[in-house]
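# Give me the fold of what follows.
(chains A and B)
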Amino acid sequence: MSHWMFNCKEVSRRVSESMDHRLPLYQRMLIRMHLLMCKYCTRFRRQLLLMREYSRSPQMAEDFLDPTVVLPPDARERIRQALKSSSS
Amino acid sequence: MTQITEEISSADPNLDPETWVDRYGDYLYRFALARIKDQSVAEDLVQETFLAALHGRKSFKGRSAVKTWLSAILKHKIVDYLRKKNRERAIDDIDTVTETVDGFFHNNGSWKIRPVKWDHNPSKVYEQREFMDTFFKCLAELPGRLSKVFMLREMQGYSTKEICNALQVSATNSWVMLHRARIFLRRCLETFWFNNIKEENR
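This next block holds a predicted model:
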């Protein structure tokens, strides 16, 4: 691979970075060129995006929670007391 | 560090802690119990969450619902708890993690540990409770600072600018931390979830 091209290590770093801010145009072009030729980095990028999708999925919040589970009354009372004594 | 975890926000200006237990106690307990599977630990984590929220509520700025804010605090507590539990049976992994980022690549920068294809239907994956268990366990495998950064960015959707301000790190530093967190979390999920799925499907 030519010296002016990114290697996989550089691409993995920049692919991650591109999820956090906009990269300069030339970097985006170099990444794209690399991704066209490299299935591992393409895979890596897709999986990072999937991880973001999982992290933000409604399932992550709701998690198919069992609605019959409730905070036991004694714990509820204990927590209420703890909050009260901590806020006073 | 803890500040930002506890700071998010609500459209509700009346953040009355007195009502929290009744309004959100069951939900938080369910969430904690689903992850931890131990009633008394789940109760303790809910209590810690409320107390942390109580102390952090002044910085709560109305960016999300109270419930979202509280569950974000709880998620951090869960990961911290899981990490402590890991430490009881293993040596501290901070150094190994920071040192082995290079271990993913050969000296010429090509992949040494190549990303494996994740054979699955993405929409089905997070419907599975076990997947969420693995996700949280893998977060707990990361050093504390890395899992915090990842959760703030990916779960809570903070911008890196906000994260930099809160954690007092440079932008470059935050990108390095996020890259590290992502590469290790990805590998952990691959090892403990996607590989197992493959085995089962064979």
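# what's near enough to touch residue A:87?
In this structure, residue A:87 makes contact with B:17, B:54, judged by C-beta atoms under 8 Å, 6 or more residues apart in numbering or on different chains. The way it works is simple: take the backbone N, C-alpha and C, and place the C-beta from them, glycine included.
# ok, residue B:103 touching residue B:113?
Yes: under the criterion of C-beta atoms under 8 Å, residue B:103 makes contact with residue B:113 at 7.2 Å.
# Compare neighbour counts for the two and give me the winner.
Set side by side, residue B:103 and residue B:113 show more neighbours around residue B:113, with 14 against 10, by other C-beta atoms under 10 Å in any protein chain shown.
# residues near residue B:84, how many?
11.
# brain fart, residue B:44
Residue B:44: 18 neighbours (other C-beta under 10 Å).
# Low-confidence ranges, the chain, go.
I went with chain A, as the question did not name one. Per-residue confidence of chain A (counting by pLDDT under 70) places the weak regions at A:1-4, A:59, A:61-64.
# that's the wrong chain, I wanted chain B
In chain B (pLDDT under 70), the answer is B:1-15, B:61-63, B:88-100, B:120-127, B:196-202.
# what's the residue closest to the geometric middle of it?
For chain B, residue B:151 is the residue whose C-alpha lies nearest the centre (C-alpha atoms, centre = their mean; 4.4 Å).
# Please report how far it lies from residue A:17.
Noted for residue B:151: a distance of 18 Å to residue A:17, by C-beta to C-beta, to the nearest Å.
# what do you get for residue A:79?
For residue A:79, the distance to residue A:17 - C-beta to C-beta - is 42 Å.
# In terms of neighbours, single out the busier of those two.
Remark: of residue A:79 and residue A:17, residue A:79 carries more neighbours, 24 against 21, as counted by other C-beta under 10 Å.
# check contacts around the more buried one.
A:71, B:21, B:25, B:43, B:46, B:47, B:50.
# now residue B:117
Residue B:117 neighbours (C-beta under 8 Å, 6+ apart): residue A:43.
# One more pass at 10 Å, please.
Listed by C-beta atoms under 10 Å, 6 or more residues apart in numbering or on different chains, the contact partners of residue B:117 are A:39, A:40, A:43, A:46, A:47, B:190, B:194, B:198.
# likewise residue A:83?
By C-beta under 10 Å, 6+ apart, the neighbours of residue A:83 are B:17, B:18, B:20, B:21, B:47, B:50, B:51, B:53, B:54.
# redo that, cut-off 8 Å
By C-beta under 8 Å, 6+ apart, the contact set of residue A:83 is B:17, B:18, B:20, B:21, B:50, B:51, B:54.
# In the helix or strand encompassing residue B:84, which residues are buried?
Residue B:84 is located in helix B:66-89, with elements delineated by DSSP states H and E. For helix B:66-89, burial by neighbour count (16 or more other C-beta atoms under 10 Å in any protein chain shown) applies to B:66-67, B:69-83.
# which of the residues you listed are close to chain A?
Cross-checking the buried residues of helix B:66-89 against chain A (C-beta under 8 Å from any C-beta of the partner chain) gives residue B:71 as the overlapping residues.
# what's near enough to touch the residue nearest to the centre of chain B?
Counting by C-beta under 8 Å, 6+ apart, residue B:151 makes contact with A:55, B:72, B:75, B:76, B:79, B:139.
# Once you drop chain neighbours, what's closest to residue B:193?
Once flanking residues are discounted, residue B:193 sits nearest to residue B:134: 4.6 Å by C-beta to C-beta, 6 or more residues apart in numbering or on different chains.
# measure the one you found to residue B:76 for me?
According to C-beta to C-beta, residue B:134 and residue B:76 sit 18 Å apart.
# Let me know the next secondary structure element after the host helix or strand of the residue nearest to residue B:193.
Here residue B:134 sits within helix B:129-141, counting by DSSP H and E. Following helix B:129-141 in sequence order, the next helix or strand is helix B:144-150 (DSSP H and E).
# What is that next one packed up against?
With contacts taken as 3 or more C-beta pairs under 8 Å, 6 or more residues apart in numbering or on different chains; DSSP states H and E, helix B:144-150 sits against helix B:66-89, helix B:129-141, helix B:160-167, helix B:171-189.
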